[in-house]
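have a look; sequence and predicted model below, questions after that.
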Amino acid sequence: RDLLPPDIADELAKLQDQVPPFPSELAFLEIGNSLGSSVDDIFLEIEKQPVASASVAQVHFATLKDGSQVAVKVLRPGVEREIASDVRLLETAGALLERWPEARRLRPREVVAEFARHLEDELDLMREAANASLLRRNFEGSPLLAVPKVYWQLCAPRVMVMERMHGTPVSQVQVLREKGVDIPRLARAGVEIFFTQVFRHGFFHADMHPGNILVATEGPTRGRYVALDFG
C-alpha cells in the first residue's frame, strides 16, 4: 500500500482470500479422487461454503471422524492451464518490454522465467505440506509463531488437510487492539520471527501477506502469530 493508490490496493487484496469460489461439488469430487475415498468416508462433516478462496486454491473447514478440526485446501480445477496461459502472456509482454531501452536493464524475460519456475512448485500441495511441516518443526515450542499440523495421510498433490487455526488477520489492527493484543510487542515479534527464519534457519515464509498471517487472540497461543499457506 506504500506503492499503489488505495482503490487499486483494495482490489488486489481480494486476490489474497476473496476470489469467487468454484463450486463445492467440484472441490468434494477432487478431494475424493485425490484421497481415494468420498468426503463422507473421510470427514464427520465438511462445510460446503469455503472459508477462503484465492487465485490457486480454496479452503473448506471440516471435522475428522475423531473430532479433530481441520482445514482442507483444494486446488482450483484447471488452474494449471490458466497459469500456463497467463505465463505465455507475460512472456510476450516481457519480449515487448525488452525493446524499450529503459526496461531492458530490468531483464523482464528473466523475471517471468523465475516467476514461472516457482509457480510450478506452488501447484504441488505435497510440497506445501512439506514446507509447513518443516516450518512447524523449526518453531516447535516457540512463544512467537504457531504453524498448523499437517495430516499427511490426507494429503495429495491437489489436496492438503491441516489443523484448523484460529485468529484475526494481522491487517485488522483495530480489532487486535480491542482484543487486548499488545501491538508494539507484536511488531517486535514479527521482526524477530522473520530474522530467525532468514539468518538462523535459512528457510522462510515467502508469502507473508495479511491473508496468510493471523494473530491468535484466545487460548494458550494468545498473542502469537499464526502462519498459513506454505506454497
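Thanks, I have it. Numbering: from 1, shown residues only.

I'd say residue 161 and residue 155 touch.
Yes. The pair residue 161 / residue 155 is scored as a contact, 6.2 Å apart, by Cβ atoms under 8 Å. Glycine gets a C-beta too; all of them are placed from N, C-alpha and C.

which of the two has more neighbours?
A count of neighbours by other Cβ atoms under 10 Å puts residue 161 above the other of residue 161 and residue 155, at 29 against 22.

which residues does the more buried one form beta bridges with?
residue 72 (DSSP bridges).

pLDDT at it, what is it?
On the pLDDT scale, residue 161 is placed at 98.

next up, the contacts around it.
62, 70, 71, 72, 73, 150, 151, 154, 155 (Cβ atoms under 8 Å, 6 or more residues apart in numbering).

shouldn't residue 96 be within a helix?
Yes. Assigned with DSSP: H, G, I helix; E, B strand; the rest coil, residue 96 falls within a helix.

from residue 110, how far off is it?
15 Å (Cβ to Cβ, to the nearest Å).

just residue 121 next, same as before
Using Cβ to Cβ, we find residue 121 at a distance of 18 Å from residue 110.

hmm, what's the outermost residue in this structure?
What lies farthest from the middle of the chain is residue 101; by Cα atoms, centre = their mean that is 36.6 Å.

neighbours of residue 163, how many?
For residue 163, the neighbour count with other Cβ under 10 Å is 16.

whoops, I mixed them up, residue 32
16.

cool, residue 224 as well?
Residue 224: 21 neighbours (other Cβ under 10 Å).

again, but for residue 198
Counted with other Cβ under 10 Å, residue 198 comes out at 11.
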